[in-house]
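1. 3D model of this:
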Amino acid sequence: MTVAGLLSDLATVQTSVQRHWGYRRAARAIRALEESLEDLIEPDGTLRKISGIGPASLRVIEEVLRTGASEWVEKAVEESPKRDEVAKRRALRSHFLSRARVREVLEDRALSEPRRSDYRGDLQMHSTWSDGSQSLPDVVETALARGYAFSAVTDHSAGLPIAKGVSAERFVEQRREIDQLNETYRKRFRLLKGVEANIKADGAVDVPPSERRDFDLVVAAPHSSLRKPDPQTERLLRAVATPGIHILGHPRGRIYGSRPGITADWSQVFAAAAEAGVAIEIDGDPFRQDVDYVLAREAIEAGCLFALDSDAHAVDQWWYAEIAIAHARLAGVPTTRIINCWPIDRLLDWARRRRNQDPR
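-> Got it, this is the predicted structure:
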């Protein structure tokens, strides 16, 4: 991640559009590696060829492997009029895991739980009904291929038109399709009817109570006012106190190197979520990773439940759930507190009680 960050810094300071995109592609290639850079060093000391990495990017990699930093990048940043922008972006890259690091964490026997084998189903993802590219049959077949017992499709609510939010009428149609699929795959798999509701700036949720009752799972997440420096504790406290909310999705709304997300008194938010029985999400999207393993430890201390989700919008993004699992392992989240690891009957019973305002 150090190398990827430095390549992103180089992209920021470029005056050439071609070089800008070249360094951005190189940074993405490094973040996506399944092996650590150290593992790619050949016996003769050279680095194995990496797709998408040119000579200039290779220079950065070799410099970091040798010294832990890159004087060349630091000089380019210092001489650039965008050095202040780079400094701001660097502050927004804390506690993100590369794909190689995720793999190491999942295989680390010193970390006992949760294990991938404990994970029974993904509870936040999007389909062609909103802004995803996967159909509902795609969701079911992919889940079965991954050995899941259940999953939830949580397309965006109508209050988020930029994400092709779904109207109440269309959600009725979607639920009919889900019923048909569940009948077809009965006793093999259960597709849960979900929605990702939008938490407005004042903490209100854009799916009314009469509609929330029609879903198995309601994920409430902030999608606006994510760059304000002022604390937004009350906004999140109101959201978790809302009847029928099951999961507080990507609570900060941060984006890697771009957006800090919400500032809040997280001890208050987590305490309120624990009391209400609302699960805190670890969103595995590589650019979100929200909450991360450091903040998750505060939620553990508060007694929170957790949801570990991919936030996948396409079939090839389901592995993002492994990023969420890795953060949970680093934080030390007990498997018993992870709703994705519960049997389906227990999950549905918890969801029903939350709809009925019983936090037990």
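2. and Val172, what is it in contact with?
-> Asp214 (C-beta atoms under 8 Å, 6 or more residues apart in numbering). Backbone N, C-alpha and C define where each C-beta goes, glycine included.
3. I meant to write Phe270 there.
-> Contacts here follow C-beta under 8 Å, 6+ apart; on that basis Phe270 touches Ile280, Glu298, Ala299, Glu301, Ala302, Cys304.
4. One more: Ala56?
-> Contacts of Ala56 by C-beta under 8 Å, 6+ apart are Leu10, Tyr23.
5. looking at this, it is in a helix?
-> Yes - using DSSP: H, G, I helix; E, B strand; the rest coil, the assignment for Ala56 is a helix.
6. Distance of it relative to Asp216?
-> Per C-beta to C-beta, to the nearest Å, Ala56 is found 50 Å from Asp216.
7. same thing with Arg227?
-> According to C-beta to C-beta, Arg227 and Asp216 sit 33 Å apart.
8. try Tyr23
-> Tyr23 is 44 Å from Asp216, where distance means C-beta to C-beta.
9. Now Leu6. Nearest residue, chain neighbours left out?
-> Val73 (4.7 Å; C-beta to C-beta, 6 or more residues apart in numbering).
10. how many neighbours does that neighbour have?
-> Neighbour count of Val73, defined by other C-beta atoms under 10 Å: 22.
11. Can you give the distance of whichever strand or helix holds it from its chain's centre?
-> Taking DSSP states H and E as the criterion, Val73 maps to helix 71-78. Helix 71-78 sits 32 Å away from the centroid of its parent chain (C-alpha atoms, centre = their mean, to the nearest Å).
12. What helices and strands are in contact with that helix?
-> Applying 3 or more C-beta pairs under 8 Å, 6 or more residues apart in numbering; DSSP states H and E, we find helix 71-78 packed against helix 2-13, helix 55-67.
13. Helix or strand: which one has Leu226?
-> Using DSSP H and E, Leu226 falls within no helix or strand.
14. In space, what's closest to it - neighbours in sequence excluded?
-> Per C-beta to C-beta, 6+ apart, closest to Leu226 is Gly253, 4.1 Å.
15. More neighbours: which of Arg227 and Asp216?
-> Each of Arg227 and Asp216 has its neighbours counted (other C-beta under 10 Å); Asp216 has more, 22 against 11.
16. For Leu106, see how far away the more buried one is.
-> 28 Å.
17. quick one, helices of the protein?
-> In the chain, the segments counted as helices under DSSP state H are 2-13, 17-31, 55-67, 71-78, 83-90, 99-107, 136-145, 168-184, 209-212, 233-240, 266-276, 293-302, 320-331, 344-355.
18. The ones you listed: which one's closest to Ser310?
-> Of all the helices of the chain, it is helix 320-331 that lies closest to Ser310, at 3.9 Å by C-beta to C-beta.
19. Check what contacts that closest one and list those residues.
-> Outside helix 320-331, the residues that touch it by C-beta under 8 Å, 6+ apart are 97, 99, 101-102, 105-106, 108, 111, 113-114, 116, 119, 122, 282-286, 289, 291-294, 296-297, 300, 306, 308-312, 338.
20. Going through these, which ones are buried?
-> For the contacts of helix 320-331, a burial check counting by 16 or more other C-beta atoms under 10 Å picks out 97, 99, 101-102, 105-106, 111, 114, 119, 122, 282-286, 289, 291-293, 296, 300, 306, 308-312, 338.
21. what's the offset of stretch 17-26 from the middle of its chain?
-> The chain centre lies 25 Å from the centre of stretch 17-26; the measure is C-alpha atoms, centre = their mean.
22. Oops, could you answer that again for stretch 301-310 instead?
-> The answer for stretch 301-310 is 13 Å, by C-alpha atoms, centre = their mean.
23. Equivalent analysis for stretch 302-312, please.
-> For stretch 302-312, the distance to the chain centre is 9 Å (C-alpha atoms, centre = their mean).
24. can you pull the alpha-carbon coordinates of that stretch into PDB?
-> This file holds the C-alpha atoms of stretch 302-312, laid out as PDB (Å, rounded to 0.1, in the frame of the first residue of the first chain):
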ATOM      1  CA  ALA A 302     -19.200  -1.100  22.900                       C
ATOM      2  CA  GLY A 303     -20.800  -4.600  22.500                       C
ATOM      3  CA  CYS A 304     -21.900  -4.200  18.800                       C
ATOM      4  CA  LEU A 305     -23.000  -6.800  16.300                       C
ATOM      5  CA  PHE A 306     -21.300  -6.700  13.000                       C
ATOM      6  CA  ALA A 307     -22.100  -7.300   9.300                       C
ATOM      7  CA  LEU A 308     -19.200  -8.100   6.900                       C
ATOM      8  CA  ASP A 309     -20.300  -7.300   3.400                       C
ATOM      9  CA  SER A 310     -18.800  -7.000  -0.100                       C
ATOM     10  CA  ASP A 311     -21.000  -4.100  -1.400                       C
ATOM     11  CA  ALA A 312     -20.600  -5.900  -4.700                       C
END
